[in-house]
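Engineer: Next input, structure requested:
(one chain, ligands or ions: 1)
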Amino acid sequence: MKNIIFIAPPSSGKGTQSNLLVKKYNYKHISIGNMLKQEASKKSKLGLEIAKIMESGTFVPDEIVNDLMQKELKKIDKPFILDGYPRNLTQGKLLEKEFTNLNISSYIAIYLNISEEEALKRVAGRINCPKCNRSYNVFTKSLKPLKEGVCDDCLTSLTTRFDDTEETFKVRYKNYLKNTIPLLNFYKRKGNLFIIDNPTEPDLTFKEIENVIK
Ligand code: AMP
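Structural biologist: Numbering: from 1, shown residues only. As a prediction, this is how the structure comes out:
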């Protein structure tokens, strides 16, 4: 099974696809966003700083996220998904070095190409499990929880992400266009890029992903 890097705008379905991949193929899901949220919830000095940055929609400084990524990759003992890393070229280049150091050669960068309008629509309907991080969407039939407001997997009450406001989304999307889009050429040149256009139906998107990871 190939390792996966998701390159995509906010609210494009990276988390949903990661959840499906973990369930079916036992991938290790590395979500820098979830790790940062966990740190933020501790309300430590660093946590408060991270929460403020995330609430504004900007990127957390590279030194903080690079450190998290490096620690997680050192623990890897099975195929993994990087969800939300890298988000800029500096991170992408560092990741290549880490892969070389750790002898990781097989991976694919999957680009979920959705429009800003579609992503914004999804933000408005997204609800998350604060315990296991599974995400749902009240506007998509296949992504609704079985019982309203409750996580199917761990029965925790679902909440809205504190950075899922329209205002924050706009900043996140702008940062994505400026910093993350250049990564597409980076992976294209390496011959590692797979593009999924208009990934609106989660099951179909999953099938497309399944076809390229085996
Ligand atoms: P996500 O859950 O992946 O949407 O990430 C939520 C927020 O965490 C982003 O809006 C950023 O503020 C921060 N974040 C996540 N991954 C990174 C990264 N690779 N570099 C910088 N900031 C990040």
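
Engineer: In contact with the residue of the chain found nearest the ligand, which residues?
Structural biologist: When scored by CB to the nearest ligand atom, the chain has residue 33 as its residue closest to the ligand, at 2.1 Å. Where you see a C-beta, it was placed from the backbone N, CA and C, and this is true even at glycine. Contact analysis of residue 33 by CB atoms under 8 Å, 6 or more residues apart in numbering lists 83, 84.

Engineer: where does it land on pLDDT?
Structural biologist: Note for residue 33: predicted pLDDT of 94.

Engineer: Next, the buried residues of the strand or helix carrying it.
Structural biologist: Secondary structure assignment for residue 33, by DSSP states H and E: helix 32-41. For helix 32-41, the neighbour count (16 or more other CB atoms under 10 Å) marks 32, 33, 34, 35, 36, 37, 39, 40 as buried.

Engineer: Also stretch 194-201?
Structural biologist: So, applying 16+ other CB under 10 Å, buried residues of stretch 194-201: 194, 196, 199.

Engineer: In strands, which of these appear?
Structural biologist: Using DSSP state E, 194, 196 are the members of the buried residues of stretch 194-201 that sit in strands.

Engineer: Quick check: which ranges of the chain have low pLDDT?
Structural biologist: Regions of the chain meeting the criterion pLDDT under 70 are absent.

Engineer: mind listing the helices in it by residue range?
Structural biologist: Counting by DSSP state H, one finds helices in the chain at the ranges 14-25, 32-41, 45-56, 62-74, 89-101, 116-125, 166-175, 182-190, 202-213.

Engineer: So for residue 109, which of these sits nearest?
Structural biologist: When the helices of the chain are compared for distance to residue 109 using CB to CB, the nearest one is helix 182-190, at 3.9 Å.

Engineer: What count of nearby residues applies to residue 176?
Structural biologist: 21 (other CB atoms under 10 Å).

Engineer: residues contacting the residue lying closest to it once chain neighbours are set aside?
Structural biologist: Take residue 176 and drop its neighbours on the chain: the residue closest to it by CB to CB, 6 or more residues apart in numbering is residue 9, 4.9 Å away. Residue 9 makes contact with 112, 114, 116, 119, 173, 176, 180 under the criterion CB under 8 Å, 6+ apart.

Engineer: can you check residue 86 too?
Structural biologist: Contacts of residue 86 (CB under 8 Å, 6+ apart): 5, 92, 94, 95, 183.

Engineer: Same check on residue 152?
Structural biologist: 134, 145, 146.

Engineer: Please repeat the previous calculation with a cut-off of 10 Å.
Structural biologist: Residue 152 sits next to 129, 132, 134, 136, 144, 145, 146, 158 when contact means CB atoms under 10 Å, 6 or more residues apart in numbering.
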